[in-house]
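A.B. asks: missing the sequence, but the structure's below:
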């Protein structure tokens, strides 16, 4: 197993040609275990973290097993979102193009006749979302539809989005004689029950230790702050860490719009992504993020599901996710393809125990960190600027500018003025201290526990993940991609299609399904949780907290003034693969 190569699997020669062109050097662990089983004709259940090569694991093997000359659908891949469906379709087309494989992407919001027409042109592979696929099958739009290989990709995500009943119904329309492959990052009980219903004597593949479901290449951290400090903490961490490309997760669409605007106001190249945005806006934002035209993507959970962007260095949880599964999928956007990544979560004292439970559930060490002080960040900035100046290359324009300035000033004045101008554009702002240190945190957590214990069993303290009054239902925004199925084949490309411009609650109507999860209350806490989620004041913090009541943060971070927008050259460019 350790010495396996792509050539040793027995893949089709045209598929191996695509492997070489894609730059794959050696199989990932999930590929090493899954590909031989798929080629042998087994049903499989494969558990592996996001970003470990699952698409290639089922793509390379299944594309080697079909005959594109038959001009009929032989592989059906079902994914939870349109964005993921488009990405999987693109990757399968890339892996199978030397074999002449044609792929079609099917999801809600596009013309039925157009999608059916693309399938009838000889597609070998359909990649579909559950709602539209079920609709086509129930209305007998696909005729003699009998794919021999069925793939469920990101099965736990489909469970989260309420698609489980749709999936079970889809399988009632599929042939009994088939090979079924189920891939999932986590394996909750409903997914295990689904596997027992639709798979035949499956082989199990797991490259994730039973007590560890997150990628070991991801360094996980959390920072304990007061609720009103979220914006300042977010900006302070960005100033301190200077991530090249990162995603910031919010719970609601409204929060995405507000925070992305806030980050742009202080000089960061940030854009929001959520399901109420028009299709062309979403595509434009994703394209800009992939090409590193923007460095920060502020997104809802659903909008970012299936987003596969190279070189994401950091993931920030502006609010805690509601459950461990969501945490695993969020942080899985970084640390992909063997690269290192950092996942950071902002936590209030009332959420402290919830953060610990998530860490225990996913089997990961999540390290407690202290938000750097303003003075520390400024000092580190000076050191970095000095290093950049030492390593800067001289050019003719600089020499000419120096000659002009020497007519009016001496060298010391010129240097000081240039440095002052440079520092004006790169000086962090905000309060010096943000968040709770270890000693204060221990005191606050102790007070919370004593308060909860004193209440007895009559009411109890809120122990959920609401995080104050900004929370919201995590499933109320959507990740969409191109409206209209895309056809990838050897004939001229026929992308596009009709555009559904209606505001949507995350997914097109055809792709919605009732959620199996309980809805939280309006303030973001799970239903039934008491609304009193305000943590006790930290010792000595009475004067630093804002007044009680409907406190609304200002549109810019508090501190000693607004920072000037960053110059275009103040941050390195990181070209991502589109």
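C.D. replies: Done, it's in. Given the structure is predicted, the values throughout are model-derived calculations rather than measurements.

A.B. asks: hey, let's count contacts and neighbours off CA atoms from now on
C.D. replies: Noted.

A.B. asks: could you pull out the helices for the stretch 51-200 of the chain?
C.D. replies: Using DSSP state H, counting those that start in this stretch, the helices of the stretch 51-200 of the chain run over residues 54-65, 82-96, 112-120, 130-138, 155-160, 164-171, 189-198.

A.B. asks: what pLDDT, on average, does the longest one get?
C.D. replies: Put plainly, it is helix 82-96. Mean per-residue pLDDT for helix 82-96: 89.

A.B. asks: now do the third one
C.D. replies: For helix 112-120, mean pLDDT is 90.

A.B. asks: for it, which positions count as buried?
C.D. replies: The neighbour-count check on helix 112-120 (16 or more other C-alpha atoms under 10 Å) flags 112, 114-116, 118-119 as buried.

A.B. asks: Could you point out the member of these that lies closest to residue 71?
C.D. replies: Of all these, residue 71 sits closest to residue 119, with 9.3 Å by C-alpha to C-alpha.

A.B. asks: so which of the helices of the stretch 51-200 of the chain gets nearest residue 14?
C.D. replies: Among the helices of the stretch 51-200 of the chain, the nearest to residue 14 by C-alpha to C-alpha is helix 82-96 (7.5 Å).

A.B. asks: which helices and strands sit right next to that closest one?
C.D. replies: Here helix 82-96 touches helix 13-22, helix 54-65, strand 103-106, strand 125-128, going by 3 or more C-alpha pairs under 8 Å, 6 or more residues apart in numbering; DSSP states H and E.

A.B. asks: Please name whichever of those is nearest to residue 247.
C.D. replies: It's helix 54-65; of the helices and strands packed on helix 82-96, that one is closest to residue 247 (C-alpha to C-alpha) at 21.7 Å.

A.B. asks: Give me the contact list for the closest one.
C.D. replies: Defining contact as C-alpha atoms under 8 Å, 6 or more residues apart in numbering, one finds that helix 54-65 is touched by 11-12, 15, 30-31, 34-36, 38-39, 48, 75, 88, 91-92, 95-96, 101, 149, 151, 181, 183.

A.B. asks: now the helices of the stretch 51-200 of the chain in TSV, with distance to residue 312?
C.D. replies: Output for the helices of the stretch 51-200 of the chain, formatted as TSV (distance: least, C-alpha to C-alpha, whole Å):
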stretch	distance to residue 312
helix 54-65	18
helix 82-96	17
helix 112-120	33
helix 130-138	28
helix 155-160	21
helix 164-171	30
helix 189-198	29
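
A.B. asks: right, and the ones you listed - which one's nearest residue 412?
C.D. replies: helix 82-96 (55.5 Å).

A.B. asks: residue ranges with poor pLDDT in the protein?
C.D. replies: The model of the chain has pLDDT under 70 over residues 1-3, 50-51, 208-215, 303-306, 337, 425-426, 449, 452-578.

A.B. asks: Can you give the domain ranges for this structure?
C.D. replies: 7-212+482-488, 214-400+432-468+519-578 (automatic domain parsing).

A.B. asks: what separates the last one from the chain centre, distance-wise?
C.D. replies: If you compare the mean C-alpha spot of domain 214-400+432-468+519-578 with that of the full chain, they lie 14 Å apart, counting by C-alpha atoms, centre = their mean, to the nearest Å.

A.B. asks: cool, stretch 123-136 as well?
C.D. replies: Remark: stretch 123-136 is offset 23 Å from the chain centroid, using C-alpha atoms, centre = their mean.

A.B. asks: what does it rub up against?
C.D. replies: 68, 71-82, 85-86, 88-89, 101-108, 119, 142, 163, 166-167, 169-170, 489, 510-513.

A.B. asks: Where do the helices of the stretch 301-450 of the chain begin and end?
C.D. replies: Here the stretch 301-450 of the chain has its helices, by DSSP H, counting those that start in this stretch, at 301-304, 324-331, 352-362, 374-391, 396-405, 411-426, 438-455.

A.B. asks: just checking, next helix/strand downstream of the helix or strand that residue 37 is a member of?
C.D. replies: According to DSSP states H and E, residue 37 maps onto helix 29-39. Following helix 29-39 in sequence order, the next helix or strand is strand 44-47 (DSSP H and E).

A.B. asks: Hmm, residue 103 and residue 92 touching each other?
C.D. replies: Yes. Counting by C-alpha atoms under 8 Å, residue 92 does reach residue 103; the two are 7.5 Å apart.

A.B. asks: The two: which has the busier surroundings?
C.D. replies: The neighbour comparison of residue 92 against residue 103 (other C-alpha atoms under 10 Å) goes to residue 103, with 30 against 24.

A.B. asks: Grab the nearest non-local neighbour of that one.
C.D. replies: residue 125 (4.7 Å; C-alpha to C-alpha, 6 or more residues apart in numbering).

A.B. asks: Give the bridge partners for that neighbour, please.
C.D. replies: Bridge pairing for residue 125 (DSSP bridges) gives the partners residue 75, residue 103.

A.B. asks: From residue 184, how far out is it?
C.D. replies: Distance from residue 125 to residue 184, counting by C-alpha to C-alpha, to the nearest Å: 20 Å.

A.B. asks: if I look at residue 18, how far off is residue 55?
C.D. replies: Note on residue 18: its distance to residue 55, by C-alpha to C-alpha, is 14 Å.

A.B. asks: In JSON lines: the buried residues of helix 112-120, plus distance to residue 133.
C.D. replies: Output for the buried residues of helix 112-120, formatted as JSON lines (distance: C-alpha to C-alpha, whole Å):
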{"residue": "112", "distance to residue 133": "11"}
{"residue": "114", "distance to residue 133": "14"}
{"residue": "115", "distance to residue 133": "11"}
{"residue": "116", "distance to residue 133": "11"}
{"residue": "118", "distance to residue 133": "14"}
{"residue": "119", "distance to residue 133": "12"}
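
A.B. asks: The host helix or strand of residue 282 to helix 82-96, inter-axis angle?
C.D. replies: Assigned by DSSP H and E, residue 282 belongs to helix 279-290. If you take axes from the mean of the first three to the mean of the last three C-alpha atoms, to 10 degrees, helix 279-290 sits at 60 degrees to helix 82-96.

A.B. asks: which element follows helix 279-290 toward the C-terminus?
C.D. replies: strand 296-300.

A.B. asks: That next one pairs with which strands?
C.D. replies: Sheet pairing of strand 296-300 (DSSP bridges) gives strand 246-250 (parallel), strand 270-273 (parallel).

A.B. asks: Okay, angle between the first one and helix 324-331 too, please.
C.D. replies: When the same axes, to 10 degrees is applied, the directions of strand 246-250 and helix 324-331 differ by 150 degrees.

A.B. asks: quick one on the thing from earlier: and the helices of the stretch 51-200 of the chain: which comes nearest residue 377?
C.D. replies: For residue 377, the closest of those is helix 82-96, at 37.5 Å, according to C-alpha to C-alpha.

A.B. asks: how far is the closest one from where the chain is centred?
C.D. replies: Taking C-alpha atoms, centre = their mean, one finds helix 82-96 lying 17 Å from the centre of the chain it belongs to.

A.B. asks: let's number from 314 now, not from 1
C.D. replies: With 314 as the first residue, the last one maps to helix 395-409.

A.B. asks: Make a markdown table from the domains of the chain and add distance to residue 729 to it.
C.D. replies: As requested, those are exported to a markdown table (distance: least, C-alpha to C-alpha, whole Å):
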| stretch | distance to residue 729 |
| --- | --- |
| domain 320-525+795-801 | 48 |
| domain 527-713+745-781+832-891 | 13 |
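
A.B. asks: And the closest residue to residue 727 other than its chain neighbours, how far from residue 711?
C.D. replies: With C-alpha to C-alpha, 6+ apart as the measure, residue 718 is the residue that lies nearest to residue 727, at 7.0 Å, once sequence neighbours are left out. Relative to residue 711, residue 718 is positioned 11 Å away (C-alpha to C-alpha).
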